[in-house]
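Participant: Have a look; sequence and predicted model below, questions after that.
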Amino acid sequence: DAGVTQSPTHLIKTRGQHVTLRCSPISGHKSVSWYQQVLGQGPQFIFQYYEKEERGRGNFPDRFSARQFPNYSSELNVNALLLGDSALYLCASSFGRERKQTQYFGPGTRLLVL
Amino acid sequence: QQQVKQSPQSLIVQKGGISIINCAYENTAFDYFPWYQQFPGKGPALLIAIRPDVSEKKEGRFTISFNKSAKQFSLHIMDSQPGDSATYFCAAGTQGGSEKLVFGKGTKLTVNP
């Protein structure tokens, strides 16, 4: 079975631009979460979506937004990019049901903002 | 603020030795504690996880010890191998509601041959 897939793998943008990152969950998983991992740090929670509804939001500015589609894939959008947005963006999927919330991570999208 | 404190930041172990990584949490609402292994350029991979109704869980060479009263948990890697060299993250979360995981800052493990 395919794991969590993310695209693109790498991305270079300049300050002020907009970026869209994509994630496809493991087949059968209905929950998708997004994390930001700055170099040398642990992942930080950005959003969680379950059945197309936002279930959780981390401490990130409104420049960050996300959505989940009927096929459970998801997009993370970041507007007005800042140098500090340079990071590895991770998507994780799970079944989303209580006691079945083990999250499986994708390989991530490495974003560099110049 | 929900935090998970992880130590040490880095660890060097000889092949065949025991690697021990410790984590402490503050929020007593946490009831799910996974450990992830991450290789350079890859996403974190789930190693083993524990819930607070047990004090220890073992899977192969990996063991989680959990002390609910001290709000601490640790990962023990027995018979450490060079292939175990990676960054290890502890995390904490809650069942039900948001699946937000709070991660420690990571421990870079190097196992020398």
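Facilitator: Everything's here; your move.
Participant: Remind me which helix or strand the nearest residue to residue A:58 once chain neighbours are set aside belongs to.
Facilitator: With sequence-adjacent residues excluded and distances taken as Cβ to Cβ, 6 or more residues apart in numbering or on different chains, residue A:58 is closest to residue A:45, at 4.1 Å. C-beta coordinates here come from the backbone N, C-alpha and C atoms, glycine included. Using DSSP states H and E, the element containing residue A:45 is strand A:44-50.
Participant: if we look at that strand, which residues are touching it?
Facilitator: A:30-38, A:54-58, A:60, A:64, A:66-68, A:74, A:76, A:96, B:98-103 (Cβ atoms under 8 Å, 6 or more residues apart in numbering or on different chains).
Participant: Can you turn the buried subset of those residues into a selection I can paste into PyMOL?
Facilitator: Of the contacts of strand A:44-50, the buried ones can be selected in PyMOL as follows, counting by 16 or more other Cβ atoms under 10 Å in any protein chain shown:
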select buried, (chain A and resi 30+31+32+33+34+35+36+37+55+56+58+60+64+66+68+74+76+96) or (chain B and resi 98+99+100+101+102+103)
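Participant: Sort out which of the contacts of strand A:44-50 are in strands and list them.
Facilitator: Taking DSSP state E as the definition of strands, the contacts of strand A:44-50 contribute A:31-37, A:54-57, A:64, A:66-68, A:74, A:76, B:102-103.
Participant: Spatially nearest residue to residue A:79, not counting backbone neighbours?
Facilitator: Per Cβ to Cβ, 6+ apart, closest to residue A:79 is residue A:63, 4.6 Å.
Participant: now do residue A:54
Facilitator: Closest to residue A:54 by Cβ to Cβ, 6+ apart is residue A:47, at 6.5 Å.
Participant: what separates the one you found from residue A:65, distance-wise?
Facilitator: 8 Å (Cβ to Cβ, to the nearest Å).
Participant: Quick check: neighbours shared by those two?
Facilitator: Both residue A:47 and residue A:65 are contacted by residue A:76, under the criterion Cβ under 8 Å, 6+ apart.
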